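Undergrad: Model the following, please.
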Amino acid sequence: MKTDVKEKRKKKLGRKPELSRFYILFRDYGLPLIVLLFAYIGYKIRAVTSSYKTFLDPDTFFHFEMYKLAIHDWIPKYYAYAEPPMGIKATGYLALYTMQAIFYKITHALFGWSELQAFKVWPPFVGAMIVIAVFLVGRKLHSNWAGFWGAGLMMGFYGAITKTYSGNNRGEGPFMMFFLFAFYFLLVYLDEKEWNWKKIAGAVAFLILSPIYMGVWAGSPLGVMVLLATGAIVPVVFFALGKIRELKRFVLEYYFLLGLSIILGLVGAYLRFVGIKSFLVFSLQVFIAMVALALIMLYGERIGLNYSDLVHRLGTVIGVSIAGFLAIYAYFGRDLFNFLKAATRSTPLYQTVAELQGLSWSQVIKTFSLKPVYQNGAVVKGDSIIFLLSVGGFLVLLWRFYRHIKEGSYEIYKDFMPIFYYLGVLYLFQQAIRFSFQASGAVILLASIALGEAFLFVESMKDTTTTKALYALFLVLILFPMPYISASYSYTNQKTMMRSYEMINPKMPGSVPEAWTDALFWLKNHSSPYSTVLSWWDYGYWEESSLLSHRRAVTDGGHGYDRRYIVAKFFSGFDTKAEVDLEAWEDKYVITFLDPFDGQSDFGKFGAIAYLGGAINHYDYTHMAMFGYIPAQSILIRNNTVYVNLGNNQYIKPKMTVDLVNGHFYKANGSASPYVLYVVPYRTSNNQVYPVGILAYEKIAFSDYVRLALHLPYSINEWDAQKLFANFKLVYTGYNGYLKKQGIYDPSVRVYEFTPFAIYRMDFFQNGTWKPFYSTMAGGKLPIGNQTLRLWISAFGRDVKNGTIIFEAYNGTKLIERKIVAKNVYINHLNETPVEIHLYVPNATKYRFLLIQKGPVGVTNGPVYVDGKLVSPSWVIAPGQSGTIKLTEAFDKEYTNVKFTLRGVVYYYVAPNGTDIYKPNFYLEPHMDIVGYITVKTLPSVKKGDNVITGQASVPAGFIDSYINELKKKYGDKVVIVSKRIEPIFITEKTYVLWEGS
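TA: Reported below is the predicted structural model:
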């Protein structure tokens, strides 16, 4: 294409040195063909892990479920398995699932692929398309050689593979693909001076791709910001240089397309295809301000502004920009700076997320080296050559900008767009290491520009054609090892990762350990399909997956953030301080994963759990290890004192040692390390004891989670462990598959069945005194005949209110007696007192004590609508509003007299030492308070399975805020509100099994 700029450049520089026809053909047609080969190789590297039966990334389990919904709905509406019992309204980057569903429809029609096959192929396909996109963008920005080397690096560079290999279906990869193609077609549109088919095709393709890149990833504001920054700066440069004709052309062409893309994004947001509506509204307002500034720059002289020199023009721009910023800030306030708040360590929860940790130089080395060297899991050496080359590319762009200014070129947008892209992703990378993949895309693009510049230099040399060809060949030979080394390294990494996962679970290769798949399949086969499971949030997507247990999870990788504080409180505390109302979530099972031999387990994550649960402060979190594995041979006992050999003649003395192998207890004298040592008896395949030492930090050593995970009967307070194991009954143990093959049975995963009310002790009255005859740990038989008994009931996190206790006796399966033994029972869960009863105990084979009390039943099993509008199940009707609710509720059996209510809940924490989360003495006390219930209607009966239910509801204006105001009066500025909920809950009389035995 001829342009005025190119014609002027020819006149100024004279005729360009000639290149051989063969070289030109190779450059223009041979390089693109090689790029297709690069894309194929990139696909094959990324597809190495496609043979797994599960996925490598936990989030991918959730994406698979949403994608399956999209195949039928196109835009997913509702997901039942998160945040039970109400589920969630599907939000966020829904376009990702729609695009995957389209990919499935096409591949199924062409190749007959199943849903799972297409889903596994999608990420490597995206990776291959990114290779092609980088070539096209590099060629447009610089040269064929730049595009070629960009594609070569993108082919196998590990930093750019992490989000595009099979088994990792997050939105970062599709965003990069769609954004780069949108970027390319925008350049095609801008490069054409006159309207023709290329310009029209470029504009149409850009407008089609814009809402797609906006909708496939939560971080897609990055792309919009790059385009906004270009649209803001380039006109200012034209204006400052007095290039009014170029300014007018750019504003007319670029603003027309940019404005349309933002509007299409908002339309996509209205359709729930795009999930960044608030940012797009902000972008539209910024765009309007840019248009206003452009109008002032174009026509300001007509109203008396002085544009006679550079100083006056820049003064106008600066003045208008400051006024515009102040206006926008006045409108948004501090929210203006909160668009990327989730990508920073801005809350205690985000402080604990590894992907949100700040950038270090070792991370730069790890991300941008062709072949980083690891030692003990950390990078100890690397070349960082891709990053260094990108700095060179940045300098090339600055030089080209200077040259374009001197030549009066219209194409300065080609200098700014990649620079803003580069600076934008590096800013994100600096904020959180999770953006390493996005950073790799822009870094590779600028590195390719640096490499392309070397070839342009050779082409512009005045040597003979043969000499230049030899120089070009020499450059190729020098540079080609880079893509080869990176591709070889990545391929080896993928193979190594595949082998490592096959070792931990050969039965079902993938990221889920064998102990977990065993436990989850047990749950699938032995629990109600409406059951809810509680574990640490990392494993929630496994529990929800239709490939595994397909059960509801209290919290998972992307939902129930507020609940994590409460789960952590339960896990990291003990006694009544750790009791939380698990039944509020209708939890039925608790899964623990505390395996010293498995790096994925909570052995290494418990610092975050303890910190969020309030068991430790910020100093402990950043400086103290919660657990340590100690081989039995490193445990020494001298003079009734235990020492732990840490190696290199370093010994520590635990404050306390609980030897469960030999039944001994040791307490250290004098100064000691703040750890408790447990010696736990694992067993071998020939029934020999295999002792394992576990050091636990003293503040969490007796926590509920440690005792459940290790099945420890030990407790500090009398009866504490008896109560805990009465409420939580071990029903399944999953063993570490890798160790089991070596003959060691490591109980890696334990599944407990939870009941909020359970008898942990019983006494009978004899000869004027109470005599204990039963406890959770010791067991015991019910005495026959007329008895006066005292029932000690553990009420876990919930009071017993107006309860009825029933006694039942069975011969085999035949009920021979059923009798009410206590009415109007009240037990304060924080100060439990026994219930005294009188009954006749017949001679029978089995007995049960039951509690009849009101409690929550049912799970929401479909979208929730208010006045026909889809709403969030956790915020059904806002305070001060009313409407007709329609939902689908599923019940495990028939119930009568069921009350349909809206429950108000406030999640918050109190920070006794202040709310500065970076202070060493910062710690928090989590709370989940039920504000109250609003009755919608009473249902005479419900059937087993799905029930479509409607009701008229009205929520008082101060329903939530009045309670929060009371909290603020009580705690002042030390209370932090985490979330508020108004959610549908169904309540009726439930039957709880308090005790069952002989």
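Undergrad: Neighbours of G858, how many?
TA: Per other Cβ atoms under 10 Å, the neighbour tally for G858 reads 24. Every C-beta, even on glycine, is put in place using the N, C-alpha and C of the backbone.
Undergrad: and it, what is it in contact with?
TA: Counting by Cβ atoms under 8 Å, 6 or more residues apart in numbering, G858 touches 85, 530, 889-891, 898, 942, 986.
Undergrad: Now do the strands in the stretch 251-400 of the chain.
TA: Along the stretch 251-400 of the chain, counting by DSSP state E, counting those that start in this stretch, strands occupy 373-375, 378-381.
Undergrad: weakest of those strands by average pLDDT?
TA: For the strands of the stretch 251-400 of the chain, mean pLDDT drops lowest on strand 378-381, to a mean of 59.
Undergrad: how about the strands in the stretch 851-998 of the chain?
TA: 859-860, 864-866, 869-871, 882-891, 895-910, 925-942, 945-954, 975-997.
Undergrad: and the fourth one with strand 895-910, angle?
TA: Angular relation of strand 882-891 and strand 895-910 on a 0 to 180 degree scale: 110 degrees, by axes from the mean of the first three to the mean of the last three Cα atoms, to 10 degrees.
Undergrad: which secondary structure elements does strand 882-891 contact?
TA: Secondary-structure packing of strand 882-891 (3 or more Cβ pairs under 8 Å, 6 or more residues apart in numbering; DSSP states H and E): strand 859-860, strand 864-866, strand 925-942, strand 945-954, strand 975-997.
Undergrad: so what strands line up beside the first one?
TA: Pairing partners of strand 859-860, with direction, according to DSSP bridges: strand 882-891 (antiparallel).
Undergrad: in the strand it pairs with, what counts as buried?
TA: Within strand 882-891, the residues that count as buried by 16 or more other Cβ atoms under 10 Å are 883, 885-891.
Undergrad: and the two most separated of these?
TA: Pairwise distances across the buried residues of strand 882-891 peak at 23.9 Å for G883 and F891 (criterion: Cβ to Cβ).
Undergrad: In the contacts of G858, find the pair that's most separated.
TA: Y530 and V898 (14.9 Å).
Undergrad: returning to what we had before: just the strands of the stretch 851-998 of the chain: most buried one?
TA: Greatest average neighbour count among those goes to strand 859-860 (a mean of 24), per mean count of other Cβ atoms under 10 Å.
Undergrad: Mind putting the buried residues of strand 882-891 into TSV with distance to H108?
TA: Listed next are the buried residues of strand 882-891 as TSV, based on distance: Cβ to Cβ, whole Å:
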residue	distance to H108
G883	40
I885	38
K886	34
L887	33
T888	29
E889	34
A890	30
F891	36
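Undergrad: Relative to I949, how far out is T938?
TA: 11 Å (Cβ to Cβ, to the nearest Å).
Undergrad: tell me, what's touching the two both at once?
TA: Taking Cβ under 8 Å, 6+ apart as the contact rule, T938 and I949 both touch F900.
Undergrad: Could I get the buried residue list for the longest helix seen in the chain?
TA: Counting by DSSP state H, the longest helix found in the chain is helix 115-141. The neighbour-count check on helix 115-141 (16+ other Cβ under 10 Å) flags 118-141 as buried.
Undergrad: so after that helix, what's the next helix or strand?
TA: Following helix 115-141 in sequence order, the next helix or strand is helix 144-156 (DSSP states H and E).
Undergrad: so how far is whatever helix or strand comes next after that next one from its chain's centroid?
TA: In the C-terminal direction, the helix or strand that comes right after helix 144-156 (DSSP H and E) is helix 172-191. Its chain's average C-alpha position is 26 Å from that of helix 172-191, according to Cα atoms, centre = their mean, to the nearest Å.
Undergrad: Local confidence estimate at D59?
TA: 92.
Undergrad: same check, this time on the one 5 residues further on
TA: Per-residue confidence (pLDDT) for F64: 95.
Undergrad: and V866, what is it in contact with?
TA: Contacts for V866 (Cβ under 8 Å, 6+ apart) come out as 876-877, 883-886.
Undergrad: please redo it, this time with the cut-off set to 10 Å
TA: For V866, the contact set (Cβ atoms under 10 Å, 6 or more residues apart in numbering) comprises 872, 876-878, 881-887, 953.
Undergrad: And for T60?
TA: With Cβ under 10 Å, 6+ apart, T60 has these contacts: 54, 67, 119-120, 123, 166-170, 510-511, 541, 545, 557.
Undergrad: who's in contact with stretch 714-722?
TA: Residues outside stretch 714-722 that contact it (Cβ under 10 Å, 6+ apart): 574-576, 656, 658, 660, 665, 676, 678, 701-702, 704, 706-707, 712-713, 723-726, 760-761, 775-778, 792, 794, 832.
Undergrad: And those, which of them are buried?
TA: Neighbour counting with 16+ other Cβ under 10 Å marks 574-576, 656, 658, 660, 676, 678, 701-702, 704, 706-707, 712, 723-726, 760-761, 775-776, 792, 794, 832 as buried within these.
Undergrad: Out of the residues you listed, name the ones that lie in helices.
TA: Among those, the ones falling in helices (DSSP H) are 704, 706-707, 723-726.
Undergrad: Most widely separated two among these?
TA: V706 and A726 (17.8 Å).
Undergrad: returning to that earlier point: among the strands of the stretch 851-998 of the chain, which comes closest to F437?
TA: Comparing the strands of the stretch 851-998 of the chain against F437 with Cβ to Cβ, the closest turns out to be strand 975-997 (29.5 Å).
Undergrad: Now do that closest one against strand 895-910, angle only.
TA: Strand 975-997 and strand 895-910 are oriented at 140 degrees to each other (the same axes, to 10 degrees).
Undergrad: Tell me what angle strand 975-997 forms with strand 925-942.
TA: 60 degrees.
Undergrad: Give me the mean pLDDT for strand 975-997.
TA: Per-residue pLDDT values across strand 975-997 average out to 96.
Undergrad: Could you do stretch 895-913 as well?
TA: Mean pLDDT, computed over stretch 895-913, is 96.
Undergrad: Just the helices from the stretch 651-800 of the chain, written as ranges.
TA: Ranges of helices within the stretch 651-800 of the chain are 704-709, 720-727, 737-740, based on DSSP state H, counting those that start in this stretch.
Undergrad: Please render those helices as CSV that adds distance to Q787 to the earlier fields.
TA: As requested, those are exported to CSV (distance: least, Cβ to Cβ, whole Å):
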stretch, distance to Q787
helix 704-709, 32
helix 720-727, 20
helix 737-740, 46
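Undergrad: Among the ones you listed, which comes closest to N921?
TA: Evaluated over these, closeness to N921 peaks at helix 704-709, with 23.9 Å, by Cβ to Cβ.
Undergrad: Just put the contacts of G858 in TSV and tack on distance to F273.
TA: Below are the contacts of G858 laid out as TSV (distance: Cβ to Cβ, whole Å):
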residue	distance to F273
P85	29
Y530	31
E889	29
A890	29
F891	34
V898	37
V942	36
F986	33
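Undergrad: Can you pull the phi/psi pair for the residue of the chain most remote from its centre?
TA: Relative to the C-alpha centroid of the chain, counting by Cα atoms, centre = their mean, N767 is the outermost residue, at 61.7 Å. Main-chain dihedrals, N767, degrees, to the nearest 10: phi 50, psi 40.
Undergrad: Model confidence for it, exactly?
TA: So, for N767, pLDDT stands at 86.
Undergrad: hang on, the earlier thing: just curious, which of the contacts of T60 is nearest to D28?
TA: With Cβ to Cβ as the yardstick, the closest approach to D28 among the contacts of T60 comes from P123, at 31.3 Å.
Undergrad: Quick one: residues contacting the closest one.
TA: So P123 contacts 43, 46-47, 49-50, 55-57, 60, 100, 161, 163-170, 173-174 (Cβ under 10 Å, 6+ apart).
Undergrad: again, 7 Å this time
TA: Contacts for P123 (Cβ atoms under 7 Å, 6 or more residues apart in numbering) come out as 46, 164-166, 168-169, 173.
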